[in-house]
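Undergrad: below is the structure, and that's it, no one-letter string:
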């Protein structure tokens with residue numbers, strides 16, 4: 001099933017499909033070691049990663065496994081990051097949520113605002129029952145975003161990934177249709 005990547009708007013943000021024009025902003029975000037300090041993949045050092053990422057966005061929508069959208073401020077069209085809904089399983093009516101924002105966009109409520117509208121679209125469009133998200137246990141800001149969205153911390157995945165060469169734990173969060181904030 002092909003998923004059409006939506007364009008969604010909130011009071012302050014526009015979520016839209018990625019384009020090739022996003023390449024410089026995307027590379028700046030994904031090559032920022034401070035932004036990615038809790039990620040299980042290293043910062044980008046090669047610009048070919050941009051091409052693969054944008055192609056992956058298109059492929060995800062084409063194969064029906066999810067969508068990834070660029071987030072921009074409506075006031076000045078500045079790129080602030082991305083949000084993804086992926087691993088869609090129509091049989092289980094489940095999926096996963098992820099996001100990454102530029103450091104300049106932190107502490108403005110943008111992650112919560114963007115994820116909220118994407119979650120609404122996903123629940124409404126795909127008849128989902130559950131969405132899951134994971135975050136490094138040191139990433140308290142991301143955990144706070146998930147909790148504001150109504151996600152419940154369900155457990156800890158002990159030593160489930162390698163982050164910057166060290167073993168790291170992750171918290172698993174779940175949001176059920178009936179528990180949406």
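TA: Now that the structure is in, tell me what you want to look at. Everything numeric in this text was worked out from a predicted model, so none of it was measured.

Undergrad: going forward, measure contacts between C-alpha atoms and count neighbours the same way
TA: OK.

Undergrad: using the three-state scheme, assign residue 175.
TA: With DSSP: H, G, I helix; E, B strand; the rest coil as the basis, residue 175 sits in strand.

Undergrad: what about it, neighbour count?
TA: Here the number of neighbours of residue 175 (other C-alpha atoms under 10 Å) works out to 24.

Undergrad: quick one, what contacts it?
TA: With contacts defined as C-alpha atoms under 8 Å, 6 or more residues apart in numbering, residue 175 is in contact with 130, 131, 132, 150, 151, 152.

Undergrad: out of those, which end up buried?
TA: If you count burial by 16 or more other C-alpha atoms under 10 Å, the buried members of the contacts of residue 175 come out as 130, 131, 132, 150, 151, 152.

Undergrad: picking that back up, format the contacts of residue 175 as a markdown table; extra columns: distance to residue 48, pLDDT and secondary structure.
TA: Listed next are the contacts of residue 175 as a markdown table, based on distance: C-alpha to C-alpha, whole Å; pLDDT from 0 to 100; DSSP: H, G, I helix; E, B strand; the rest coil:
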| residue | distance to residue 48 | pLDDT | secondary structure |
| --- | --- | --- | --- |
| 130 | 34 | 97 | strand |
| 131 | 31 | 97 | strand |
| 132 | 30 | 97 | strand |
| 150 | 37 | 96 | coil |
| 151 | 35 | 97 | coil |
| 152 | 37 | 97 | strand |
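
Undergrad: now those in a markdown table, with distance to residue 164?
TA: Conversion of those to a markdown table gives the following (distance: C-alpha to C-alpha, whole Å):
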| residue | distance to residue 164 |
| --- | --- |
| 130 | 31 |
| 131 | 27 |
| 132 | 24 |
| 150 | 30 |
| 151 | 27 |
| 152 | 27 |
